[in-house]
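Asks: Please work out how this folds:
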Amino acid sequence: MDTGSEFPPTLPTLFSRTLRGRSDRTALISSRETLSYEALDRRSNALANALVDAGIEPGDRVATALSNRLETPVVDIAIYKAGGARLPINPSLSTREITHMLTDSAADAIFCEPPLVPDINEVTTDNSLRCVADAAGPPDGWHTLADLEQRGESGMAPAVTVDPDSIGGHFYTGGTTGEPKGVLYSQSCLSANLIAHLAQLGFSESDTGLVSTPLSHSGGTFLQSGLLAGGTVCVQRGFDVEQLVEVVTNHDVTWTFLVPTMLYRLLDAGVTGDDVPSLERILYGAAPMQSDRLREAIDRFGPIFVQFYGQTEVPNLITTLDRRDHARAVENGDDRLLRSAGRPCPFVDIRIVDPTTGKEQPAGKRGEITVSSPYSFDRYHGRPDETEQVLRDGWVHTGDIGKLDADGYLYLLDRLHNVIVTGGLNVYSSDVETVLGDHPAVADVAVIGVPHEEWGEAVHALVVTHDGESIDESALLEFADDRLAGYKKPKSLEFVDELPTTPLGKLDKQSIRDRYWDDRDRRIG
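Replies: Have a look, this model is predicted:
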C-alpha cells in the first residue's frame, strides 16, 4: 500500500495511490456484476470530478443513503477523492431519522435510493447536489449516477488540497440512548483507522471478503479495508443464510463480518465449517454474543473468530479478541476468556476510571472505560457541551462500564445508563442477563429498571425462550436464587417472542425502557 511519505495520509491520497495500478484485478462482486480495480478507480475519479465541478469543497458534507450495492463504495471513495466529508445514512431508517440527519448536518449533497426521493425533496434545497441511484428518468433537480460519471469523466482524480485536520467523516450514533448525534472525524483520524484495520485484521491481496451488513456502518469500513489491502470484496444486499453459503462457496470467500444475530441464524440453520471450507476469519461484534452460542459456533467452524469492540466515537477497533485467543480459550476450557472483549489494539490505550471521581481503577475493579487513540473522534457536531463531557484531555469517556484483568483483557459489563439503582444499590443489567441467559431454555434476555414507588427502580427481565422450550417464571427465578444477590434478582419477568433491535442488529433497550418510563418526569430511579 503506497501512501508516500505523508503519514497518516489524507483520504484522497490514501485511496488514489492504493487503487492505482491494479489493472484488471477484481475489486468488487455482487449478484449482478463484477467491478475491476481499474473500473473502480476510473468511476470514482469521474464522480469525484463531478462533485468538485458541482462546488463540493474539502469538508463539505456529502450524504449517502444507499443500500448494499456496488455503486455504494464507488460513491464513498469518490467523496474521499473529492475531499468531502462522507455522511453515511442507513436507508432503512425511518423518515424522521433520515430527515434529522440531513437537516442537522446541512448536507451539501445527497446520493440516495429511489424510494427516498420524495422525503429528501422536502428537506433539501435546490442548492444541494441530489443524485438518485437506479433511475431511468431522474426527477426535476436530480441527477443519476451515470449522468454524474459521464460529466466528470477525465481519467484522473481531481487535484484537491486537503488539510489532515479537516473533517473527512460525519457519522451519526445509533440513537439507542436518544436523538442520534453527529460525530465528526478528521481526515487523519479516518485514515489511521483504516490502516489500523489492515494491521489488526491482516487482510491481504489474496483475501476475498463478504459484507452483508449495512455499508453505512462497520460493514463499509471492513469493505474499504479489504480494498486497500488489494483483495476482493463481495457485497450482499442483505443477510440470507442460503445466499451467504452460496457466495462463500462460489467465490472462495476467506473472511466475513457478522453481528451475533446473524451468527445465531447460521447456527440454527445447521451450517458448519464443511459448508464454507474457505472461510478463515469470521469477524463479529456490534452487540454482545452469548458465550454458549460462541462455543457452539467454534465447535462448528473452528477457532476462526475475531471479536472487535468499538463505538462511533472510536470506530470498531478499541479491542480485539483474535483467533489465537479463541483457540486458547477452547483448548483450556476458559469460558471466562470467551466472555472478554479482548486486549487493546496497537496505538490504543485504555483506562478504567471511577465515573464519579475520575480516579483510575486497578485491575479487576469496575469503572468507566476511557480510551485514547489516534482515531478517536474530533467532536460532536453542534454539541460543544457534550463534546467536553465525553472527550476530556484526549480521552474518550465511552459510557461503558468494564474492567481489565491482570493480563490486560477487557470485560464489558454494562452501559452507564443501564445501571439500575434499586433501593440505593447498583445493579448491572449484564450481571442479571448473564445468569438468566445460562438457563438452557433461554435464547435471549434483556434486563432493565422499571419504576418502583418504594425503591425507585425494580429489576425487570424480558425473556425469549428457544423454539420448543418453555419455562415458567417461578422456575427461572429459582434458577437465579443461588446465582444472584437478592437485590439483583428480577422482581418481574416478561416472556416475549423477540427483543427489539436497531437497524444494525443491536438490542434497543431505549425502546424497551420507553414503554415503562414515557409518562415519568425522571428517567432514572
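Asks: What mean pLDDT does the longest helix along the chain get?
Replies: Longest helix of the chain, by residue count under DSSP state H: helix 37-53. Across helix 37-53, pLDDT averages out at 95.
Asks: other SSEs contacting that helix?
Replies: Packing contacts for helix 37-53, counted by 3 or more C-beta pairs under 8 Å, 6 or more residues apart in numbering; DSSP states H and E, involve helix 11-19, strand 26-29, helix 71-82, helix 145-152. Placement of C-beta: from N, CA and C, glycine included.
Asks: Identify each buried residue in it, please.
Replies: Residues 37-52 are the ones in helix 37-53 that count as buried (16 or more other C-beta atoms under 10 Å).
Asks: swap in stretch 167-186?
Replies: Buried residues in stretch 167-186 (16+ other C-beta under 10 Å): 167-177, 180-186.
Asks: got it, and stretch 486-506?
Replies: Under 16+ other C-beta under 10 Å, the buried positions of stretch 486-506 are Tyr487, Lys488, Lys489, Pro490, Leu493, Leu499, Thr502, Pro503, Leu504, Gly505, Lys506.
Asks: Tell me which two of the residues you listed sit farthest apart.
Replies: Farthest-apart pair in the buried residues of stretch 486-506 is Tyr487 and Pro503; separation 35.4 Å (C-beta to C-beta).
Asks: Run a quick neighbour tally on Ser429.
Replies: By the criterion of other C-beta atoms under 10 Å, Ser429 has 23 neighbours.
Asks: Spit out the contact partners of Arg323.
Replies: Arg281, Pro303, Ile304, Phe305, Val306 (C-beta atoms under 8 Å, 6 or more residues apart in numbering).
Asks: repeat that with 10 Å
Replies: Gly202, Glu280, Arg281, Ile282, Gly302, Pro303, Ile304, Phe305, Val306 (C-beta atoms under 10 Å, 6 or more residues apart in numbering).
Asks: Using JSON lines, lay out those residues together with secondary structure.
Replies: Below are those laid out as JSON lines (DSSP: H, G, I helix; E, B strand; the rest coil):
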{"residue": "Gly202", "secondary structure": "coil"}
{"residue": "Glu280", "secondary structure": "coil"}
{"residue": "Arg281", "secondary structure": "strand"}
{"residue": "Ile282", "secondary structure": "strand"}
{"residue": "Gly302", "secondary structure": "coil"}
{"residue": "Pro303", "secondary structure": "coil"}
{"residue": "Ile304", "secondary structure": "coil"}
{"residue": "Phe305", "secondary structure": "strand"}
{"residue": "Val306", "secondary structure": "strand"}
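Asks: ok, which pair from the residues you listed is furthest apart?
Replies: Greatest spacing in these, by C-beta to C-beta: Gly202 and Gly302 (16.8 Å).
Asks: count of neighbours near the nearest residue to Asp24 once chain neighbours are set aside?
Replies: Spatially, and ignoring its direct neighbours in sequence, Asp24 is nearest to Ser36 (5.0 Å; C-beta to C-beta, 6 or more residues apart in numbering). Neighbour count of Ser36, defined by other C-beta under 10 Å: 15.
Asks: Could you pull out the strands in the stretch 351-500 of the chain for me?
Replies: Along the stretch 351-500 of the chain, counting by DSSP state E, counting those that start in this stretch, strands occupy 367-372, 379-380, 391-392, 395-404, 410-415, 419-422, 425-428, 442-452, 456-465, 492-495.
Asks: Would you single out the least confident of the ones you listed?
Replies: Across these, strand 425-428 has the smallest mean pLDDT, namely a mean of 77.
Asks: coming back round to it: now, which of the buried residues of helix 37-53 sits nearest Val259?
Replies: Using C-beta to C-beta, Leu40 comes nearest to Val259 of the buried residues of helix 37-53, at 26.6 Å.
Asks: contacting residues for that closest one?
Replies: Contacts of Leu40 by C-beta under 10 Å, 6+ apart are Phe15, Leu19, Arg22, Arg25, Thr26, Ala27, Leu28, Leu70, Pro73, Val74, Ile77, Leu227.
Asks: Hmm, the second one is touching Asn45, no?
Replies: Right, Leu19. Yes - between Leu19 and Asn45 there is a contact under C-beta atoms under 10 Å: 9.2 Å.
Asks: Could you report the distance from the closest residue to Gly402 other than its chain neighbours to Pro303?
Replies: Sequence neighbours aside, Ile369 is the residue nearest to Gly402 in space, at 4.6 Å (criterion: C-beta to C-beta, 6+ apart). Using C-beta to C-beta, to the nearest Å, Ile369 is found at 26 Å from Pro303.
Asks: what do you get for Thr501?
Replies: From Thr501 to Pro303 the distance is 27 Å (C-beta to C-beta).
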